[in-house]
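Student: For reference, the sequence and a predicted model appear below.
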Amino acid sequence: MIAAIGLGVAWLATAPVRRWLHWGRMMQRVDTVEPVAGVPERVGPFAGTRLPADGWDRPAVVLLHGVHPEGANEPRMARLATLFAEEGFQVHVPHVPALAAFDPDPAVIADLRRYLDAIERRHGCFGVVGISVGGGLALRALEDRPVTAVLSVGGHADLGAVRDHHRTTGGTPYARRVMAAVGEVPDPVLAALSPRRPPRGPVFVLHGEGDPLIPPSQAAALCERMGCGAVVTPWLGHTELHGASPVPVLRALDQVFASMKAPCATLRQYSGRRR
């Protein structure tokens, strides 16, 4: 028993857990900078946190927010950006006005693709993390495209199915508020905003067991389309941490970090073997 406790304490001192302990740290509001391909980005303290001064040679990651009035300014995005910056990534956090305005506009997919084109020209290759609805939109924008890895946190496979789930069950108070803000959306629009085919790169899915907005059944549906395995855990709510020992989440994050740090040449080899 003493040995087991000792191993537990040692595990708590490991890098993955120390990284997670930073998750709850509040960061100051971030500011708009020069747009990339017409999409404004946000930068803040995370942009220079524990990063080597080696220009654009660091692995790149794009963090895509969900439907939230603060968009890229949302505190969880700054915390997530800090987490990746401390891992040595060059972090990009685009601000998507349509998502911040609760506007389900399919044109956002074309905007995201232009933005990702610019990121690819700058870095050669990149990974993407999508939060909530941003997870499904990221995968929609990345269909058939080479990417080091994609992580969807609380994302959707089928927005129409999400709507129908809440209509049938009555929805959680949170879901009812979001649906009221978005309004009635035609089925073709919901379909246009839902991913259909996988990217050319590994996909990781994290989902909260009791997610109040995107039901956890969407994780299995998403992985059925993407050819991946989902981690559905009680340690997550709707993209936020519940509890103090999120072991499954930490393990998944370590896999994501490793995939996203792969050299661009490795990505090209992977892309050539995919499907």
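Tutor: Nice, I can see it. Numbering: from 1, shown residues only.
Student: if I look at G66, how far off is H156?
Tutor: Applying C-beta to C-beta, to the nearest Å, the value for G66 to H156 is 10 Å. Just so you know, the C-beta spots here come from the backbone N, C-alpha and C atoms, and that holds for glycine as well.
Student: Give me the more crowded residue out of these two.
Tutor: H156 (31 against 28; other C-beta atoms under 10 Å).
Student: So that one: helix, strand or coil?
Tutor: Following DSSP: H, G, I helix; E, B strand; the rest coil, the label given to H156 is coil.
Student: bridging residues for P94?
Tutor: Note on P94: beta-bridge partners by DSSP bridges are E41.
Student: What is the burial count for it?
Tutor: By other C-beta under 10 Å, neighbour count at P94 equals 24.
Student: Equivalent analysis for F84, please.
Tutor: Here the number of neighbours of F84 (other C-beta under 10 Å) works out to 26.
Student: what residues do G66 and H156 have in common as contacts?
Tutor: Common contacts of G66 and H156 (C-beta atoms under 8 Å, 6 or more residues apart in numbering): V133, G135.
Student: where along the stretch 51-200 of the chain do the strands fall?
Tutor: All strands of the stretch 51-200 of the chain, identified by DSSP state E, counting those that start in this stretch, fall at 60-64, 90-92, 127-131, 150-153.
Student: ok, for E143, nearest residue in space, not its chain neighbours?
Tutor: Once flanking residues are discounted, E143 sits nearest to R197: 4.5 Å by C-beta to C-beta, 6 or more residues apart in numbering.
Student: contacting residues around the one you found?
Tutor: Listed by C-beta under 8 Å, 6+ apart, the contact partners of R197 are E143, D144, R225.
Student: Going by distance to E209, which of these wins?
Tutor: R225 (20.7 Å; C-beta to C-beta).
Student: Could you measure from that closest one over to A265?
Tutor: For R225, the distance to A265 - C-beta to C-beta - is 28 Å.
Student: cool, G127 as well?
Tutor: If you go by C-beta to C-beta, the gap between G127 and A265 works out to 15 Å.
Student: So between the two, which is more surrounded?
Tutor: G127 (26 against 10).
Student: Which residue ranges of the stretch 151-275 of the chain form helices?
Tutor: 159-169, 173-182, 187-192, 217-226, 247-260, 264-273 (DSSP state H, counting those that start in this stretch).
Student: Can you add mean pLDDT and distance to N73 and give these back as TSV?
Tutor: Listed next are these as TSV, based on pLDDT from 0 to 100; distance: least, C-beta to C-beta, whole Å:
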stretch	mean pLDDT	distance to N73
helix 159-169	88	24
helix 173-182	77	17
helix 187-192	94	26
helix 217-226	94	26
helix 247-260	84	23
helix 264-273	62	31
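Student: neighbours of A98, just the number please.
Tutor: Residues near A98, counting by other C-beta under 10 Å, number 17.
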